[in-house]
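Student: got a sequence here, can you model it:
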Amino acid sequence: MTAQGPLILIIEDEPQMLRFLRASLSTHGYRLVESTTASDGLAQAAARNPDIILLDLGLPDLDGLEVTRRLREWARTPILVLSARGQDEDKINALDAGADDYLTKPFSVGELLARIRVALRHVATSSGGQEPTFSLGDLRIDLAKREIFVGESEVHLTPTEYKLLATLVKHAGKVVTHRQLLREVWGPSYVEHTQYLRVFMGQLRQKLEPEPAKPRYLVNEPGVGYRLKVRGA
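Tutor: Okay, here's the model as predicted:
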């Protein structure tokens with residue numbers, strides 16, 4: 001990666017975490033802009049148009065959830081939340097507010113870099129203007145043709161199974177909350193019916209996973225939602 005690598009905006013007020021991020025990211029070719037307050041972070045996001053935003057929730061002047069909501073009023077920039085708040089409800093609230101992913105402190109450099117790569121790939125895919133084709137291992141999903149293959153064998157899904165899988169493909173690499181999946185697949189009146197997800201996700205795993213009991217592609221984020229795993233995620 002050259003000096004013209006992706007630009008990352010870090011909105012974080014903890015000096016130790018800032019030093020860790022600076023050392024970890026700059027050595028991998030990322031360009032960095034740092035803000036220690038929400039107000040400056042919002043201003044930098046508008047002025048610098050970063051490729052990705054790393055956002056702490058516990059900022060001194062404004063909660064990170066509100067920062068996320070304000071950014072989502074005008075920006076589609078990937079937002080990766082970095083927070084010491086590790087409860088499921090905190091993750092769900094951040095994702096529902098518009099964050100793309102969530103890492104609980106402390107985390108490893110490798111995991112951080114992998115999540116950043118996934119977010120940047122997702123942007124590149126979304127902005128390409130093409131119908132997405134998802135491939136990983138033996139699994140191939142062509143949304144344009146509505147075809148799913150495991151190896152050389154075509155897999156036939158029910159309409160609901162297909163809609164659930166297509167929703168996960170659309171957000172590949174990102175955690176999609178239970179409520180978001182239920183809303184997009186079944187409709188707003190079903191957002192509390194999490195048993196639907198368990199049943200249909202089980203059916204998808206039986207049809208798509210090499211070992212359904214140890215899913216490789218359709219990954220559970222306990223208490224939060226599901227992620228269609230991509231390379232490096």
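Student: strands of this structure, start to end?
Tutor: For the chain, the strands defined by DSSP state E occupy 7-11, 31-35, 52-56, 79-83, 101-104, 133-136, 139-142, 147-150, 153-154, 175-177, 218-221, 225-228.
Student: looking at these, which is buried most?
Tutor: Highest mean neighbour count among the strands of the chain (mean count of other Cβ atoms under 10 Å): strand 52-56, with a mean of 25. (C-beta placed from N, C-alpha, C; glycine too.)
Student: strand 7-11 and that one, what's the angle between them?
Tutor: 10 degrees (axes from the mean of the first three to the mean of the last three Cα atoms, to 10 degrees).
Student: kindly export strand 52-56 (C-alpha atoms) in CSV.
Tutor: C-alpha atoms of strand 52-56 as CSV (Å, rounded to 0.1, in the frame of the first residue of the first chain):
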residue,chain,number,x,y,z
ILE,A,52,-13.7,4.7,6.7
ILE,A,53,-14.5,6.1,10.2
LEU,A,54,-13.3,4.5,13.4
LEU,A,55,-15.6,5.8,16.1
ASP,A,56,-15.5,5.5,19.9
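Student: how big is the angle separating that strand from strand 31-35?
Tutor: Using the same axes, to 10 degrees: strand 52-56 against strand 31-35 is 30 degrees.
Student: any idea of the angle strand 52-56 forms with strand 79-83?
Tutor: Strand 52-56 and strand 79-83 meet at an angle of 20 degrees, taking the same axes, to 10 degrees as the criterion.
Student: return the list of strands paired to the helix or strand of the chain with the lowest mean pLDDT, each annotated with direction.
Tutor: The weakest-scoring helix or strand in the chain, judged by mean pLDDT, DSSP states H and E, is strand 133-136 (a mean of 80). With DSSP bridges as the test, strand 133-136 is paired with strand 139-142 (antiparallel).
Student: next, the contact list for Glu12, please.
Tutor: Counting by Cβ atoms under 8 Å, 6 or more residues apart in numbering, Glu12 touches 18, 21, 34-36, 54-56, 82.
Student: let me know the closest of these to Arg205.
Tutor: Each of the contacts of Glu12 was checked against Arg205 using Cβ to Cβ; the closest is Leu82, at 30.3 Å.
Student: pull up the distance across stretch 33-51, start to finish.
Tutor: The first residue of stretch 33-51 is 11 Å away from its last residue (Cα to Cα, to the nearest Å).
Student: any buried residues in that stretch, and which?
Tutor: 33-36, 38, 41-42, 44-45, 50-51 (16 or more other Cβ atoms under 10 Å).
Student: now, which of the residues you listed lie within helices?
Tutor: 38, 41-42, 44-45 (DSSP state H).
Student: format the contacts of Glu12 as TSV; extra columns: distance to Asp138 and pLDDT.
Tutor: Compiled in TSV, these are given as follows (distance: Cβ to Cβ, whole Å; pLDDT from 0 to 100):
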residue	distance to Asp138	pLDDT
Leu18	42	96
Leu21	36	96
Glu34	43	97
Ser35	44	97
Thr36	47	96
Leu54	34	98
Leu55	36	97
Asp56	39	96
Leu82	34	94
